[in-house]
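A.B. asks: Turn this into a structure:
(chains A, B, C and D)
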There are 2 protein chains.
Amino acid sequence: MKNKEIQEKRMKEYFIQATKSILKGEGLKSISVRNIADQAGYSYATLYNYFKDVNDLIFLCVNDFQEECKLFVISKTKKTPKGLDRIKDTVFAYISYFVEYPGIFDLFYLARVGDFGNKQTTINVISNSLDDVCESEWNYCISRNLLPIEKLDSFKNQLKYAVIGLLLLYLNRRTPDSYSEFMDQANFQIDNILGLNNSNRTSTSIKNEN
Amino acid sequence: MKNKEIQEKRMKEYFIQATKSILKGEGLKSISVRNIADQAGYSYATLYNYFKDVNDLIFLCVNDFQEECKLFVISKTKKTPKGLDRIKDTVFAYISYFVEYPGIFDLFYLARVGDFGNKQTTINVISNSLDDVCESEWNYCISRNLLPIEKLDSFKNQLKYAVIGLLLLYLNRRTPDSYSEFMDQANFQIDNILGLNNSNRTSTSIKNEN
DNA sequence: CAAATATAATTAACATTGTTAATATATACA
DNA sequence: TGTATATATTAACAATGTTAATTATATTTG
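C.D. replies: This next block holds a predicted model:
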């Protein structure tokens, strides 16, 4: 039946929307089956008619958040001139997204998954999250010879590890203990990797430094 | 009374030892009040006569593990010639420690703390964990002019963020999905930061690459 | 040494969690 | 309309952290 599929999809969406809302607001620590079901307007057991378990549901949100993050980044960087400066701002915007929604950082990088087996695509989305957000900018830089193509993977990986390390220590261990110090650190790390060392930043995201 | 203090200290040690044993073995996910108390040979409620709550107890283990990690690193690197090579091996050994005991990585970097207020010293131990392990080696390099002192903090931070990012993705997201690829990544990142780019590694820890 | 008191350890109990089984309700079809 | 099927809800379970009540054990005091 076609109706059944439509209805099932709708039901799933109700639960997914509820889960996303909690993750963006109270965060992962406030996620519970009863909490989600409340927000969706159903009983907690109903959830199990549409999802294997609560992890299944939670990790379905990853794709939506990744899309949202990408849009967030684009809206924050479209004024920056294309090129390495825009790469830098893109990475900054990526960081800002997770600082604004720490619960989503928890979901992407900290949450434990019961069964990794059938979630490989989700894991891949997460692992490529930053690359995905930066992809078109990298392509631009390569096409304009703004960076040697053989350095591309190296830059991507360095940025990925640095950004995750920075966010983890700041969001989870309050190190550094102020936002401005954290942003200074991020600025320095990114400049270092992209070879913008001499750097007086003039790009837009400097405004976020508070 | 002095006896009371001695006895109290002993009791605390029993619980701490039990907690450490579980963390090193089954990992953080297997920690529970009843589990710890079982291993310590007491009832679960007894724990609350000596610790405010279970987080209090868990985070007391951090200092011991940091010490253990330092000894682990020393034993793995003492044959390497002092200098930047030994810095590199030290970082590798640090990584190996957490790969061997992923539960301790969870404790150090992933575990959520209910109340950050009175745990600031613990947070500091964690945030300075890698620097602490490398400290004497950095001092050596500085004293022999093997690296300019004004670059010291930069190197420390770059290594810290890269190492935490690498470990987080590997241990928590299985990325890269093989140990040897992970070690290759680590090798590359460390070389890059320390300026050993041309690199054919000859130091001891290469043996761990499996 | 024995009784009274203080201290420490245990069991009982509660609220919250994820999940499953049993039951009720709505929908589809004859 | 009445029966079969699908879907939603309540009840129940086991495990969690934590606190209160209770029991056992030391310690002090006569």
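A.B. asks: what's the distance between stretch A:156-165 and the middle of its chain?
C.D. replies: Distance, stretch centre to chain centre, for stretch A:156-165: 13 Å (Cα atoms, centre = their mean, to the nearest Å).
A.B. asks: Next, see if that stretch gets close to chain B.
C.D. replies: Yes: Stretch A:156-165 comes into contact with chain B (Cβ under 8 Å from any Cβ of the partner chain), by way of A:157-158, A:160-165. The C-beta positions use only the backbone N, C-alpha and C, and glycine is treated the same way.
A.B. asks: and what of stretch A:14-23?
C.D. replies: No: using Cβ under 8 Å from any Cβ, stretch A:14-23 stays clear of chain B, coming no nearer than 14.9 Å.
A.B. asks: wait, does that stretch contact DNA strand D?
C.D. replies: No: using Cβ under 7 Å from any atom of the strand, stretch A:14-23 stays clear of DNA strand D, coming no nearer than 9.2 Å.
A.B. asks: Please state the mean pLDDT value computed over that stretch.
C.D. replies: Stretch A:14-23 comes out with an average pLDDT of 98.
A.B. asks: Contact residues of chain A facing DNA strand D?
C.D. replies: Within chain A, the positions near DNA strand D by Cβ under 7 Å from any atom of the strand are A:4, A:7-8, A:11, A:42-46, A:49-50.
A.B. asks: Among those residues, which are located in helices?
C.D. replies: Taking DSSP state H as the definition of helices, these contribute A:4, A:7-8, A:11.
A.B. asks: quick one on the thing from earlier: list just the nearest of the residues of chain A next to DNA strand D to residue B:178.
C.D. replies: Nearest to residue B:178 out of the residues of chain A next to DNA strand D is residue A:50 (Cβ to Cβ; 35.2 Å).
A.B. asks: Which residues are in contact with that closest one?
C.D. replies: Contacts for residue A:50 (Cβ atoms under 8 Å, 6 or more residues apart in numbering or on different chains) come out as A:8, A:11-12, A:15.
A.B. asks: And residue A:98, by the same measure?
C.D. replies: Taking Cβ under 8 Å, 6+ apart, one finds A:104-105, A:108, A:167, A:171 in contact with residue A:98.
A.B. asks: Please tabulate these in a markdown table and include distance to residue A:150, secondary structure and pLDDT as additional columns.
C.D. replies: As requested, those are exported to a markdown table (distance: Cβ to Cβ, whole Å; DSSP: H, G, I helix; E, B strand; the rest coil; pLDDT from 0 to 100):
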| residue | distance to residue A:150 | secondary structure | pLDDT |
| --- | --- | --- | --- |
| A:104 | 33 | helix | 98 |
| A:105 | 32 | helix | 98 |
| A:108 | 29 | helix | 96 |
| A:167 | 28 | helix | 98 |
| A:171 | 34 | helix | 96 |
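A.B. asks: In TSV, list these along with neighbour count and distance to DNA strand C.
C.D. replies: Output for the contacts of residue A:98, formatted as TSV (neighbours: other Cβ atoms under 10 Å in any protein chain shown; distance: Cβ to the nearest atom of the strand, whole Å):
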residue	neighbour count	distance to DNA strand C
A:104	22	17
A:105	23	19
A:108	23	18
A:167	24	24
A:171	18	21
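A.B. asks: Could you chop chain A up by domain?
C.D. replies: Annotated domains of chain A cover A:1-51, A:61-209 [automatic domain parsing].
A.B. asks: what ranges do the helices span in chain A?
C.D. replies: Ranges of helices in chain A, per DSSP H, are A:2-24, A:33-40, A:54-77, A:84-100, A:102-105, A:120-127, A:129-143, A:152-173, A:179-194.
A.B. asks: Tell me how many other residues crowd the closest residue to residue A:63 other than its chain neighbours.
C.D. replies: Excluding its sequence neighbours, the residue lying closest to residue A:63 (Cβ to Cβ, 6 or more residues apart in numbering or on different chains) is residue A:125, at 6.1 Å. Residue A:125 has 18 neighbours, counted by other Cβ atoms under 10 Å in any protein chain shown.
A.B. asks: out of the ones in helices among the residues of chain A next to DNA strand D, who has the most neighbours?
C.D. replies: Among those, the one with the most neighbours (other Cβ under 10 Å) is residue A:11, at 17 neighbours.
A.B. asks: Stretch A:87-95 and chain B, are they touching?
C.D. replies: No: using Cβ under 8 Å from any Cβ, stretch A:87-95 stays clear of chain B, coming no nearer than 12.0 Å.
A.B. asks: per-residue confidence averaged over that stretch?
C.D. replies: Stretch A:87-95 comes out at a mean pLDDT of 98.
A.B. asks: cool, stretch A:27-37 as well?
C.D. replies: 96.
A.B. asks: Was I right to think residue A:164 contacts residue B:170?
C.D. replies: No: counting by Cβ atoms under 8 Å, residue A:164 stays clear of residue B:170, with 11.1 Å between them.
A.B. asks: rewinding a little: which of the helices of chain A sits closest to residue B:36?
C.D. replies: helix A:152-173 (23.2 Å).
A.B. asks: Let me know the pLDDT of the nearest residue to residue A:82 once chain neighbours are set aside.
C.D. replies: Spatial nearest neighbour of residue A:82, chain neighbours left out: residue A:140 (5.2 Å); criterion: Cβ to Cβ, 6+ apart. According to the prediction, residue A:140 has pLDDT 97.
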